[in-house]
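[1] the following comprises the amino acid sequence and a computationally predicted model.
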Amino acid sequence: MSKVLLLNGSAHQHGCTATALDEMIKTFHEEGIETELIQVGTAAVRGCIGCGKCSEAGQCVFDDLVNKVAQKLQAADGLVIGSPVYYGSPNGTLLSFLDRLFYSTPFTKHMKVGAAVVSCRRGGNTASFDVLNKYFTISGMPVASSTYWNQVHGFTAEDVKKDLEGLQTMRNLARNMGFMMKAFADAREKYGYPRVENDYFTSFPDGK
């Protein structure tokens, strides 16, 4: 059975972002996909300090929620990152969490399906959506899409429940993710995953 890990980057556990993720969870279950929701937005998470110790230890030196979630991400077939819009960008706590999660984990995320979900009252959704998708595209993770950008609108959870198109977008996104995960699992058995090259690292240390 495929499994999806969902991260709620909102500080409000039952707010707008949670309402969007709950709609996806219901659809995932209808599709026979296992889910686990983790509340990130309420956690005390510091940012990465660039110490590089994770390359030696295999995990972040700050042993908090990041390392706990890392183990769950390794076992998951897909990852959904949900965030509200704060000043035209995702929640800062979530971004600190994601920087450390993606940087410190030594395991490959290649071909795990990723999807970003954002919520806002009016504006800033597409800019936040773009920020979150970059975590997937730098990690070889195929990005799932829907019938519109993966966003809902509202100031409260009750508002989001009235955003019928937004909720429809969440359901279609979950179905597309489910299909991709199942298809990739079948393809892996039949063809194997694409070869990944890691021979070059261009940094121009000599200044030329």
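    Yep, that arrived. Numbering: from 1, shown residues only.

[2] and residue 42, how far is that from residue 162?
    Counting by C-beta to C-beta, to the nearest Å, the gap from residue 42 to residue 162 is 25 Å. Heads up, the C-betas are built off the backbone N, CA and C, glycines and all.

[3] higher neighbour count, these two?
    Counted by other C-beta atoms under 10 Å, residue 42 and residue 162 do not tie: residue 42 has more neighbours, with 14 against 11.

[4] what secondary structure does the more buried one sit in?
    coil (DSSP: H, G, I helix; E, B strand; the rest coil).

[5] how many residues are close by residue 71?
    12.

[6] looking at strand pairing, list the partners for residue 34.
    Residue 34 forms beta bridges with residue 3, as assigned by DSSP bridges.

[7] going along the chain, name the helices of this structure.
    16-30, 54-57, 65-75, 92-104, 125-137, 157-162, 164-190 (DSSP state H).

[8] let's have these in JSON lines, adding mean pLDDT.
    Listed next are those as JSON lines, based on pLDDT from 0 to 100:
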{"stretch": "helix 16-30", "mean pLDDT": "98"}
{"stretch": "helix 54-57", "mean pLDDT": "94"}
{"stretch": "helix 65-75", "mean pLDDT": "97"}
{"stretch": "helix 92-104", "mean pLDDT": "98"}
{"stretch": "helix 125-137", "mean pLDDT": "97"}
{"stretch": "helix 157-162", "mean pLDDT": "98"}
{"stretch": "helix 164-190", "mean pLDDT": "97"}
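
[9] which among the ones you listed is found nearest to residue 47?
    helix 92-104 (4.1 Å; C-beta to C-beta).

[10] packing partners of the closest one?
    With contacts defined as 3 or more C-beta pairs under 8 Å, 6 or more residues apart in numbering; DSSP states H and E, helix 92-104 has these neighbours: helix 65-75, strand 78-86, helix 125-137.

[11] hey, which of the ones you listed is tucked in deepest?
    strand 78-86 (a mean of 26; mean count of other C-beta atoms under 10 Å).

[12] about what we covered before: residue 94 is nearest to which of the helices and strands packed on helix 92-104?
    For the helices and strands packed on helix 92-104, proximity to residue 94 was assessed by C-beta to C-beta; strand 78-86 is nearest, at 5.2 Å.

[13] adjacent strands (with direction) for that closest one?
    For strand 78-86, the paired strands and their directions (DSSP bridges) read strand 3-8 (parallel), strand 89-90 (antiparallel), strand 113-120 (parallel).

[14] dump the helices of the chain into JSON lines; add distance to residue 201 as well.
    Formatted as JSON lines, the helices of the chain follow (distance: least, C-beta to C-beta, whole Å):
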{"stretch": "helix 16-30", "distance to residue 201": "36"}
{"stretch": "helix 54-57", "distance to residue 201": "13"}
{"stretch": "helix 65-75", "distance to residue 201": "23"}
{"stretch": "helix 92-104", "distance to residue 201": "15"}
{"stretch": "helix 125-137", "distance to residue 201": "18"}
{"stretch": "helix 157-162", "distance to residue 201": "43"}
{"stretch": "helix 164-190", "distance to residue 201": "27"}
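
[15] out of the ones you listed, which gets nearest to residue 85?
    Across these, closest to residue 85 is helix 125-137 (C-beta to C-beta), at 4.9 Å.
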